[in-house]
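Q: Got a sequence here, can you model it:
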Amino acid sequence: MAKQRTSAGFLRKNRHIAYILPWLAGFLVFRAAPMLYALICGFTDFHLFRGISETGLMNYRAIAADPAVGRAVLLTVAFAAASVPLRLALALLIAALLAKRFRGVRIYRTACYLPSILGGSVAAAVLWKAMFRDRGLVNTVLGRLHLPAVSWLSEPHAAFWTVVLLRVWEFGSPMLLFLAALEQIPQDLTDAARLDGAGAVRIFFRIKLPMISPVLFYNAMLGFCSALQEFSAPFVITGGGPRGGTTFLSLLLYRSAFTANEMGYASALAWVLFLLSAGFSALFLTAGGRLLYYADEGGGT
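A: Numbers count the residues shown, from 1 in each chain. Model prediction:
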């Protein structure tokens, strides 16, 4: 009886455990277990059809010696460094415009959020490819403006920026967070600044931007880690080409796993990608404590 009372008391006091059990079970089965299995496979020469014949560090040695991997890492980081700032700048600009109250503002907010819903789909990538082909909509518009056409999908540099533009177009999610943060800024602060003679630009950079810096930091870190894992856009639009100009690390991983059937090598690449994301996350968290401003703490963390 005493044990039953103790168990019942423990469950009453810790009933929150029951609420997180479904999530915890899903995390262990669908996230933690596959990650652990991939870690183990990364130290084997596991082939999808031949099985395992050798264990050791052979995959990581091959990765370190493969120039294609080094180039893929550089392209992946370059893609994140190019797409994330542009996307956040556009999202912040649109959020600042839509933070004002005017007729039909809700319709504009909905329209600006739609790309985030559609942009991650394969259908949007196919449409983007059709728009940027040699006789697509973009070159047609350039021709009407008497500007030279661009081989968007035939030149490595142009293809790279075509993929970047697709991700910049998906600015809706960070815009929504910026919009919510801007609406939480006390009106008294901006009114006092206007009385002191500050203009709209100065108010934005001296008051609003520091006040929403935690949201800016969150969007930047989340966007950068997501960009490092970019796959669907280069896979659908360019197939990693031309001449490897959009072969990001995730696409190299896919080819190793499902074209060459080298599951051990692909698992090692997956962990390289994970460590790359973790490294940049640690860098963001280290720098964030010095740069962020919290109004309730009167300064940085």
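Q: Show me where the stretch 1-150 of the chain dips below the pLDDT cut-off.
A: Scanning the stretch 1-150 of the chain with the threshold set as pLDDT under 70 gives 1-11, 119-120.
Q: In this structure, which residue is most central in space?
A: Ser226 (2.2 Å; CA atoms, centre = their mean).
Q: Test my guess that Trp128 contacts Pro234.
A: No - taking contacts as CB atoms under 8 Å, Trp128 lies outside contact range of Pro234: 11.2 Å. (C-beta placed from N, C-alpha, C; glycine too.)
Q: Compare the two and say which is more crowded by neighbours.
A: Pro234 (26 against 22; other CB atoms under 10 Å).
Q: I'd guessed the more buried one sits against Leu251; true?
A: Yes - counting by CB under 8 Å, Leu251 is a contact partner of Pro234 at 5.6 Å.
Q: any residues in contact with both of the two?
A: Shared contacts of Pro234 and Leu251, defined by CB atoms under 8 Å, 6 or more residues apart in numbering, comprise Gly240.
Q: end-to-end on stretch 207-218?
A: One end of stretch 207-218 to the other measures 19 Å (CA to CA, to the nearest Å).
Q: In contact with the residue nearest to Ile203 when sequence neighbours are not counted: list those residues for me.
A: Using CB to CB, 6 or more residues apart in numbering and skipping the chain neighbours, the partner closest in space to Ile203 is Ala193 (5.0 Å). Listed by CB under 8 Å, 6+ apart, the contact set of Ala193 reads Arg202, Ile203, Arg206, Ile207.
Q: cutoff 10 Å now
A: Shown in contact with Ala193 (CB atoms under 10 Å, 6 or more residues apart in numbering): Gly199, Ala200, Arg202, Ile203, Arg206, Ile207, Lys208.
Q: Now the helix or strand harbouring it: buried residues?
A: For Ala193, the host element (DSSP states H and E) is helix 187-195. Within helix 187-195, the residues scored as buried using 16 or more other CB atoms under 10 Å are Thr190, Ala193.
Q: Begin at 395 from now on, thanks
A: Sure, I'll start counting at 395 from here, so that last one is helix 581-589.
Q: Can you name the element that comes right after it?
A: Downstream of helix 581-589, the first helix or strand assigned by DSSP H and E is helix 594-597.
Q: Helix or strand: which one has the residue nearest to the centre of the chain?
A: For Ser620, the enclosing helix or strand under DSSP H and E is helix 607-622.
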